[in-house]
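K.L.:
take a look and give me a structure for this.
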Amino acid sequence: MAAPAGRIVFDHASVDFPIFDVSARSLRRQLLLPGLVSRGTPSVGGNMRRNRGLITVKALDDVSFALQDGDRVAVLGHNGAGKTTLLRVATGIYEPTAGDVMVQGRVMPLFNILEGMVPDGPGTEMVKVRGTLLGMTAAEIEEKTPEIAEFCDLGEYIHMPVRTYSAGMQVRLAFAITTAAASDILIMDEVIGAGDAAFFERAQVRLRAFVDRASVLMVATHSPDVARQWCNKAILLEHGRLLEIGPVDSVIRSYERLVRITSAAGAPAAP
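P.N.:
Okay, here's the model as predicted:
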């Protein structure tokens, strides 16, 4: 069977979110928003702009890059820098309002591994539901169910309602189902958590194999350690703009420098 091949190209892509809050028309908002729109906030959010009375947040601003087979990319930036928006555009959840985005290959977005976990359904039913959400066929689900049950090690609980599970047991089942699937492109908002400490070592080995099966990985993170462990490239965003893309260590240095600058800008003046 041919190896998976994935490709992602952002070509001057932008995403604008209009604000339709009627309270934005109040006198207080009219007095305060011009300063907010022009100055922005150094450590959070995209750029806010006003055009003929309509306020928009530019979550992504003219972003261009290309990812190929073998790329493992950490997306870095402060809260509100545009990381999640970037991932959601890559998965097709959001459409760019300007520019183009091309994605080649089967995409698996992993924003919430507990999605599809219905409390009253048994664990075996959750394998079918979550497996379907991840794009697995009925035949794939049937083939992988015994292996999923063995790996999550829930014993007879696999046949009991999910509402009888502890939080750790739910994560173990969701993790086992998710990492049994396969795709060309993995899109993760932080690396998947693996549950309790006793499960962690086995889970790390399985997670590595899961990532290695994919052609392209994009993961948003605040952690330089996560970026170094899982990625060979990194992207740095600020207020929706792409500041840098390149080797992990180089982009991490730029990110840490940016954090120091924004922290200093937000610090109170000395008495």
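K.L.:
tally of neighbours for Val171?
P.N.:
22 (other CB atoms under 10 Å). To be clear about C-beta, it is placed using only N, CA and C from the backbone, and glycine gets the same treatment.
K.L.:
is it located within a strand, as I assumed?
P.N.:
No. Counting by DSSP: H, G, I helix; E, B strand; the rest coil, Val171 falls outside a strand, being helix.
K.L.:
right, and it touches Ala203 too?
P.N.:
No. Val171 is not in contact with Ala203 according to CB atoms under 8 Å; the separation is 9.5 Å.
K.L.:
shaky segments in this structure?
P.N.:
Scanning the chain with the threshold set as pLDDT under 70 gives 1-4, 20-54, 194-197, 265-271.
K.L.:
show me where it has its helices.
P.N.:
27-39, 83-91, 123-133, 138-152, 167-178, 197-213, 224-230, 248-266 (DSSP state H).
K.L.:
for the fourth one, the distance to its chain's centre please.
P.N.:
Distance of helix 138-152 from its chain centroid, counting by CA atoms, centre = their mean, to the nearest Å, is 26 Å.
K.L.:
ok, now the third one?
P.N.:
Chain-centre distance of helix 123-133: 22 Å, with CA atoms, centre = their mean.
K.L.:
residue numbering should commence at 51 henceforth.
P.N.:
All right, first residue 51 from here; so that's helix 173-183.
K.L.:
between that helix and helix 188-202, what angle do the directions make?
P.N.:
Helix 173-183 runs at 130 degrees relative to helix 188-202, counting by axes from the mean of the first three to the mean of the last three CA atoms, to 10 degrees.
K.L.:
run through the neighbouring helices and strands of helix 173-183.
P.N.:
If you count contacts as 3 or more CB pairs under 8 Å, 6 or more residues apart in numbering; DSSP states H and E, helix 173-183 packs onto helix 188-202, helix 217-228.
K.L.:
who does the longest one touch, helix- and strand-wise?
P.N.:
When contacts are defined as 3+ CB pairs under 8 Å, 6+ apart, helix 188-202 sits against helix 173-183, helix 217-228.
K.L.:
using CSV, list the CA coordinates for it.
P.N.:
Extracted as CSV, the C-alpha positions of helix 188-202 are listed here (Å, rounded to 0.1, in the frame of the first residue of the first chain):
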residue,chain,number,x,y,z
ALA,A,188,-17.6,0.1,9.5
ALA,A,189,-15.2,-2.6,8.5
GLU,A,190,-12.2,-0.7,10.0
ILE,A,191,-14.2,-0.2,13.3
GLU,A,192,-15.1,-3.9,13.5
GLU,A,193,-11.5,-4.9,12.8
LYS,A,194,-10.0,-2.6,15.4
THR,A,195,-12.5,-2.9,18.2
PRO,A,196,-10.7,-5.9,19.9
GLU,A,197,-7.4,-4.1,19.8
ILE,A,198,-8.9,-0.9,21.1
ALA,A,199,-10.6,-2.8,24.0
GLU,A,200,-7.3,-4.5,24.8
PHE,A,201,-5.2,-1.3,24.8
CYS,A,202,-7.5,0.8,27.0
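K.L.:
centre-most residue in this structure?
P.N.:
Nearest residue to the geometric centre of the chain (CA atoms, centre = their mean): Asp239, 2.3 Å.
K.L.:
residues contacting that one?
P.N.:
The contact partners of Asp239, by CB atoms under 8 Å, 6 or more residues apart in numbering, come to 133-134, 137, 160-161, 269-270.
K.L.:
how many residues are close by Met152?
P.N.:
10.
K.L.:
can you check Asp170 too?
P.N.:
8.
K.L.:
thinking it is in contact with Arg213, fair?
P.N.:
Yes. Under the criterion of CB under 8 Å, Asp170 makes contact with Arg213 at 6.3 Å.
K.L.:
hang on, the earlier thing: can you redo the helices of the chain as a markdown table with distance to Arg122?
P.N.:
What follows is those, written out as a markdown table (distance: least, CB to CB, whole Å):
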| stretch | distance to Arg122 |
| --- | --- |
| helix 77-89 | 37 |
| helix 133-141 | 14 |
| helix 173-183 | 24 |
| helix 188-202 | 24 |
| helix 217-228 | 18 |
| helix 247-263 | 7 |
| helix 274-280 | 6 |
| helix 298-316 | 9 |
